[in-house]
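J.: generate coordinates for the sequence data below:
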Amino acid sequence: MGSGEERRNEDVVAKGPKFITFTNTYTSYQMLVSDHILSVTSGTGEDATGIVTLPAVGEAIGKFYFIVAPTGATGNDVSIYEKETGAEYAGFDSDDGDLDADDDHILLFSDGSQWRTIFNGVA
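T.: Below is the predicted model of the structure:
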């Protein structure tokens, strides 16, 4: 895979947590509708910042998504983006909106028209 390329496999149905590690060459991940629990880590290299893009809000209607960065403080930031706008998700309580501290996490719900933050533990 080239720099910045996304991994995507529509044929895989997640039955448990999905574990993603961002590196200098793997910097983004497009969530599948079936990715209900996502554990993300990022490397410590200069370009290892990661971007997670939520599934389309209309396709995810009625579903919950839990995203956690168990070791956020030791790696680079992980940002969450909305598929429809291509912009960073703005529903965090914190100012920076990134998963960048140990155990930063967020639970989101799709009502079909927008993403709702159920709770977040973003420092």
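J.: list the buried ones in stretch 20-39?
T.: Residues of stretch 20-39 classed as buried by neighbour count (16 or more other Cβ atoms under 10 Å): 20, 22, 26-33, 35-36, 38-39. (Glycine included, C-beta is placed from N, CA and C.)
J.: with stretch 89-103 instead?
T.: Neighbour-count burial for stretch 89-103 flags 89, 92, 97-101 (criterion: 16+ other Cβ under 10 Å).
J.: and which of those is nearest D111?
T.: Y89 (14.6 Å; Cβ to Cβ).
J.: quick one: contacts for the closest one?
T.: Shown in contact with Y89 (Cβ atoms under 8 Å, 6 or more residues apart in numbering): 54, 80-82, 97, 115.
J.: swap the cut-off to 6 Å and go again
T.: Counting by Cβ atoms under 6 Å, 6 or more residues apart in numbering, Y89 touches 80, 82.
J.: same check on Y81?
T.: Residues in contact with Y81 (Cβ under 6 Å, 6+ apart) are 51, 53, 88.
J.: bridging across strands, which residues link to the second one?
T.: Put plainly, it is T53. Taking DSSP bridges as the rule, T53 bridges to Q30, Y81.
J.: surely it meets Q30?
T.: Yes: at 4.8 Å, T53 counts as touching Q30 under the criterion of Cβ atoms under 6 Å.
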